[in-house]
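[1] Sequence first, then the predicted structure, then my questions.
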Amino acid sequence: MQDLSIALIQTDLHWEQVDANLAMFEEMIWSMDADVDLILLPEMFTTGFSMNAEKLAESPGGKTFRWMRQMAKVKDAAMAGSCMIKEKSHFYNRLYFVYPDGSAAHYDKKHLFTLAGEHKVYTPGKERKIIEFRGWRIKPLICYELRFPVWGRSEKKEDRDYQYDLLIYAANWPDARIGAWDTLLKARAIENLSYVAGINRTGMDGYPKEYPGHSSVYGYDGEQLAFSDKKEEILYVNLSSENQHQFRKRFNFQYDADSFILK
């Protein structure tokens, strides 16, 4: 299995301005000075973390999805980030994972942020998702779900293998609780012996809430491989499949893990 190169685009967001955000991210993507396999964008990267879904939500396959598909094709890289989606009569905080060939998978956020009333607007997802890409198994989750380790746990398998190789969190995580973000990202990496990438935004939203960045990538041993404070920047990290495999082989803590079934 080849190594996986990832880019995390950390930036401020234009509040509830889809076109402005798409133009901004497109400019940043074209400015990238390295070829990568996977580009990570924050939660609700076209609007900010807004409850104004009635006005702003797009249909599946709408403008944001088409933009992601175009960018994935021209950069020959997968794109991942969440946006508001209206499907039938329901709104979802939906993370799209768009492949370079234009195909896509998606994950709907299950744990909705009740403190902000997200559960009153959006419908929770029901299924966990493991995405296969260039030999890697990737598990996507969204922001608040970082607080729920069982939902992000790599389930024990009969062959003692690990369920995924990379856990990603797309977030709008506020400054007031950024210490929890830093601590829990590292914890998820250690307990699952997995690479973990957390992409957060900067700036102020319309409520107003402040966001300090702190986008980070952690190795399977809990070592921090990349970090950005409040700057608007692109983080580049290369993930080694072989190094992770050897570490898991030597320290197979999964062998002693508890088996469980989520209901």
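    Yep, that arrived. Bear in mind the structure is a predicted one, so any value in this text is a computation, not a measurement.
[2] List the contacts of residue 81.
    Taking C-beta atoms under 8 Å, 6 or more residues apart in numbering as the criterion, residue 81 is in contact with 40, 41, 42, 43, 45, 68, 95, 96, 170, 199. Every residue, glycine included, has its C-beta placed from N, CA and C.
[3] could you measure the last one against residue 217, distance?
    Put plainly, it is residue 199. Applying C-beta to C-beta, to the nearest Å, one obtains 9 Å for the distance of residue 199 from residue 217.
[4] Counting neighbours, go ahead and name the busier of these two.
    Neighbour count, other C-beta atoms under 10 Å: between residue 199 and residue 217, residue 199 has more, with 29 against 26.
[5] what residues do residue 199 and residue 217 have in common as contacts?
    Here residue 199 and residue 217 share the contacting residues residue 8, scored by C-beta under 8 Å, 6+ apart.
[6] Return a ChimeraX selection command for the buried portion of the contacts of residue 81.
    Taking 16 or more other C-beta atoms under 10 Å as the burial criterion, the selection of buried members of these in ChimeraX is written as:
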select :40,41,42,43,45,68,95,96,170,199
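[7] Filter the contacts of residue 81 down to just the ones in helices.
    Among the contacts of residue 81, DSSP state H puts residue 68 in helices.
[8] can you list the contacts of residue 81 in JSON lines and add distance to residue 59 and pLDDT?
    Output for those, formatted as JSON lines (distance: C-beta to C-beta, whole Å; pLDDT from 0 to 100):
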{"residue": "40", "distance to residue 59": "24", "pLDDT": "98"}
{"residue": "41", "distance to residue 59": "19", "pLDDT": "98"}
{"residue": "42", "distance to residue 59": "22", "pLDDT": "98"}
{"residue": "43", "distance to residue 59": "19", "pLDDT": "98"}
{"residue": "45", "distance to residue 59": "18", "pLDDT": "98"}
{"residue": "68", "distance to residue 59": "14", "pLDDT": "98"}
{"residue": "95", "distance to residue 59": "16", "pLDDT": "98"}
{"residue": "96", "distance to residue 59": "13", "pLDDT": "98"}
{"residue": "170", "distance to residue 59": "20", "pLDDT": "98"}
{"residue": "199", "distance to residue 59": "25", "pLDDT": "98"}
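[9] of the contacts of residue 81, closest to residue 108?
    For residue 108, the nearest member of those is residue 95. The distance, counting by C-beta to C-beta, is 7.7 Å.
[10] And that closest one, how far from residue 42?
    To residue 42, residue 95 is 11 Å away according to C-beta to C-beta.
[11] Now list whatever residues contact both of those two.
    Contact with both residue 95 and residue 42 is made by residues 81, 82, 170, according to C-beta under 8 Å, 6+ apart.
[12] Now distance to residue 16 too, for these, in TSV please.
    Listed next are the shared contacts of residue 95 and residue 42 as TSV, based on distance: C-beta to C-beta, whole Å:
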residue	distance to residue 16
81	16
82	15
170	18
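[13] Let's see which of these end up in strands.
    Assignment to strands by DSSP state E places the following of the shared contacts of residue 95 and residue 42 there: 81, 82, 170.
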